[in-house]
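S.K.: could you work out the structure for the sequence below:
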Amino acid sequence: MHVQEWLDTVPAAAVYAVVALVIGLESLGIPLPGEIILVSAALLSSQHGGIDPLVLGACASAGAVIGDSIGYAIGRKGGRPLLAWLGRKFPKHFSEGHVATAERSFQKWGMWAVFFGRFVALLRIFAGPLAGVLRMQYWKFLIANVLGGIVWAGGTTAVIYYVGVVAEDWLKRFSWLGLVVAVLIGIASMLIVKRRASKAQQTPEPVTAGE
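M.R.: A predicted model of the protein is given here:
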């Protein structure tokens, strides 16, 4: 069933909970379509008076921050064996090439990798656990995590909600457009990461905890 149509069948409180839960699990390191759920819910809020976009953005931000923090704690405790286990469970997302690319990003950019990783589909899954594995100082991680989560979740909600309000009649007929755009962005991000991952596999570099 269409994601937005399904969300329209459940109470507003359930929409908030689903958005927070899915984004939280994705941020924790489980490959889930958090961005698609958020875009769908934001579009729905522009057409559904019972869903408050401010509450939705707050729930999405909370899910992102809490999920990343839990992922950080798990990564710090589990270490590199955790990445190996995730690679076996989710080979398409946690392949050696993808992990190498993410590690290189963390080594080069530190806190900025956590912040901007929120806007890239695959790095959004990696950020929390990998920061823990690399033992980034928690206060640095927390600042980047909170800022990135609020800007990404709150900004996405605000933009999609505004688009829905100013073009409500058009979006009622083509409400799938927001999802198509989100999917295309996700695919483009994945292709970029895969390309970088293949280069990383060809030219592996030693990685240190750095931050």
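S.K.: low-confidence ranges in this protein?
M.R.: Residues of the chain meeting the criterion pLDDT under 70: 1-4, 48-49, 86, 90-95, 98, 165-211.
S.K.: and the helices in it, which stretches?
M.R.: 3-7, 12-28, 34-47, 53-89, 96-109, 111-117, 121-133, 138-149, 155-166, 168-173, 176-202 (DSSP state H).
S.K.: residue closest to the middle of this structure?
M.R.: Arg124 (3.9 Å; Cα atoms, centre = their mean).
S.K.: tell me, how many neighbours does the nearest residue to Ala131 once chain neighbours are set aside end up with?
M.R.: In this structure, Ala131 finds its nearest non-sequential neighbour in Phe141, 4.9 Å apart by Cβ to Cβ, 6 or more residues apart in numbering. C-beta here means a position set from N, CA and C on the backbone, and glycine is covered the same way. Phe141 has 24 neighbours, counted by other Cβ atoms under 10 Å.
S.K.: which of the helices of the chain is buried the deepest?
M.R.: Mean neighbour count (mean count of other Cβ atoms under 10 Å) peaks for helix 121-133 among the helices of the chain, with a mean of 27.
S.K.: other SSEs contacting that one?
M.R.: Judged by 3 or more Cβ pairs under 8 Å, 6 or more residues apart in numbering; DSSP states H and E, the packing partners of helix 121-133 are helix 12-28, helix 34-47, helix 53-89, helix 96-109, helix 111-117, helix 138-149, helix 176-202.
S.K.: in a markdown table, list the ones you listed along with distance to Ala158.
M.R.: Shown next, in a markdown table, are those (distance: least, Cβ to Cβ, whole Å):
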| stretch | distance to Ala158 |
| --- | --- |
| helix 12-28 | 14 |
| helix 34-47 | 8 |
| helix 53-89 | 7 |
| helix 96-109 | 26 |
| helix 111-117 | 18 |
| helix 138-149 | 14 |
| helix 176-202 | 13 |
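S.K.: of all these, which one comes closest to Pro129?
M.R.: For the helices and strands packed on helix 121-133, distance to Pro129 was read as Cβ to Cβ. The smallest value, 3.5 Å, belongs to helix 53-89.
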